[in-house]
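> sequence plus predicted model, see below.
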Amino acid sequence: MVITAVRARPYLLATGVFVAVRLVGFAMLAILADNHDKPVFDLMKSWDGDWYLAIAENGYDNIPARFIDANGHHTTYGPLAFFPLYPWLIRVVAPVTGSNTLAAAMVVSFLAGCVAACGLFRIARMVDPRPKTGYALVALWAGLPMGITLSMAYTEALFTALAAWALIGVIERNWILAGLCCAAAGLVRPTANVLVIVVVVAALITVFRDGKSLWAWVAVVVAPAGLVGWWAYVANRTGSLTGWFDLERDGWNTKFDFGRETLKFVRDVVMSGNSVMETIDILVIFGAIVLAVLTVRSRIPWPLSAYGAGVVFFVVATAGINYARMRFLLPGFPVLIPVARGLANRKPGTAVAAIVAFVLFGAWFSAYSLTGWHFAI
């Protein structure tokens, strides 16, 4: 009992760090929401959150007509652009919250965030045995600009939790854990394509290096099942092999364009500097690219650097998500590892001051994005 408690204590502290940072973020949102006369809990289901709640309440076939895509259309298959695991979990938890789907969504996100925090802490300990590196990584991730979505009716917390534990499975060669978490992540969001590639490649390397590894083969088969299965389901419903991609392109103006739109967006913002949101957006993009390069060059297990850099590349190379990129970058937590290690090398007072300043800025910007910004995040 004592040994178990001692081993669990660092994970409890990591969870506490996550909770503390998110409480700061929620408090900041409440202050700005009050200043703008906006109900704070209405903000917690903004934009995509409203869609997830509607799917949880009505299923994919009975979405109310008021739900329209980016082009102002309500279509039969439009809701299928949203992956199913998160709304399904909301529906499962809803009876516990008195059928309040927003409360259920926030519970799912909170619990997933706690699981993610434990996963990030464990990954940090694999790279650097000092606990303070793990705590720094959790605080940085939870306090990122747009970190408020980790507490909202959004999928960022759930996906990050599944991705973190899938990567833990890869590094520790627990192929069942890696395969199942990766498959589940594929039912949460399309960013899972990066995770699938990392898990499958790592499993195949193990197979060919060890000669025979049944569980690694199982991971190769299971890991893509969620993502490919959902794409296949949507293809069957729409009658098109590219059904999901068609919905993203036609309804949400989202497609993979190798970064052409991102470059144009950065050029336009640099030339005009129209808003705080756009300026910080491109700074975060630049920062993510630099951190991705540093992560690849650092001495951490290649699955972590490949996944982190892959998430950054996928986000930068996708069109139609200009104001959502900061949110989509949240699951790419491995790029924060070099920063966390650097902070761990500083004097405790310096490291804490830097993290507190970062968290406060992230909390303010998250609140601003929901109260002072008028477009989807």
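It's in.
> so which bits of the worst-scoring helix or strand of the chain on mean pLDDT are buried?
Within the chain, no helix or strand scores below helix 260-272, which has a mean of 77 by mean pLDDT, DSSP states H and E. Across helix 260-272, burial judged by 16 or more other CB atoms under 10 Å covers 261-262, 265-266, 269. Just so you know, the C-beta spots here come from the backbone N, C-alpha and C atoms, and that holds for glycine as well.
> report all helices and strands that whatever helix or strand comes next after that helix contacts.
Once helix 260-272 ends, the next helix or strand along the chain (criterion: DSSP states H and E) is helix 276-297. In terms of contacts (3 or more CB pairs under 8 Å, 6 or more residues apart in numbering; DSSP states H and E), helix 276-297 is packed against helix 260-272, helix 302-316, helix 325-329, helix 337-344, helix 348-371.
> need those in JSON lines with distance to residue 141, can you?
Below are the helices and strands packed on helix 276-297 laid out as JSON lines (distance: least, CB to CB, whole Å):
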{"stretch": "helix 260-272", "distance to residue 141": "23"}
{"stretch": "helix 302-316", "distance to residue 141": "11"}
{"stretch": "helix 325-329", "distance to residue 141": "11"}
{"stretch": "helix 337-344", "distance to residue 141": "9"}
{"stretch": "helix 348-371", "distance to residue 141": "10"}
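> and those: which comes nearest residue 228?
Nearest to residue 228, of all those, is helix 302-316, at 16.8 Å by CB to CB.
> what sits up against the following helix or strand past that closest one?
With elements assigned by DSSP H and E, the helix or strand that comes after helix 302-316 is strand 318-319. For strand 318-319, contacts defined as CB atoms under 8 Å, 6 or more residues apart in numbering pick out 253-257, 260-262, 328.
> strand 318-319 - what's its average pLDDT?
Strand 318-319 shows a mean pLDDT of 82.
> for stretch 135-152, same thing?
Mean per-residue pLDDT for stretch 135-152: 95.
> chain center to that stretch: distance?
The chain centroid and the centroid of stretch 135-152 are separated by 10 Å, computed with CA atoms, centre = their mean, to the nearest Å.
> so which bits of that stretch are buried?
135-152.
> next: stretch 311-331.
Within stretch 311-331, the residues that qualify as buried are 311-316, 318-319, 321-331, counting by 16+ other CB under 10 Å.
> C-alpha coordinates for that stretch, PDB please?
The C-alpha trace of stretch 311-331 is given here as PDB (Å, rounded to 0.1, in the frame of the first residue of the first chain):
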ATOM      1  CA  VAL A 311       1.100  17.000 -35.800                       C
ATOM      2  CA  VAL A 312       2.700  20.400 -36.500                       C
ATOM      3  CA  PHE A 313       3.200  19.500 -40.200                       C
ATOM      4  CA  PHE A 314      -0.400  18.300 -40.600                       C
ATOM      5  CA  VAL A 315      -1.800  21.400 -39.000                       C
ATOM      6  CA  VAL A 316       0.400  23.800 -41.000                       C
ATOM      7  CA  ALA A 317      -0.300  22.000 -44.200                       C
ATOM      8  CA  THR A 318      -4.100  22.000 -43.900                       C
ATOM      9  CA  ALA A 319      -6.200  24.800 -45.400                       C
ATOM     10  CA  GLY A 320      -9.400  26.100 -43.900                       C
ATOM     11  CA  ILE A 321      -8.400  26.200 -40.300                       C
ATOM     12  CA  ASN A 322      -6.700  29.600 -39.900                       C
ATOM     13  CA  TYR A 323      -8.200  30.500 -36.600                       C
ATOM     14  CA  ALA A 324      -8.300  26.900 -35.300                       C
ATOM     15  CA  ARG A 325      -4.600  26.000 -35.800                       C
ATOM     16  CA  MET A 326      -3.700  26.900 -32.200                       C
ATOM     17  CA  ARG A 327      -6.400  24.500 -31.000                       C
ATOM     18  CA  PHE A 328      -5.300  21.800 -33.400                       C
ATOM     19  CA  LEU A 329      -1.700  22.100 -32.200                       C
ATOM     20  CA  LEU A 330      -2.600  21.200 -28.600                       C
ATOM     21  CA  PRO A 331      -2.300  17.400 -29.100                       C
END
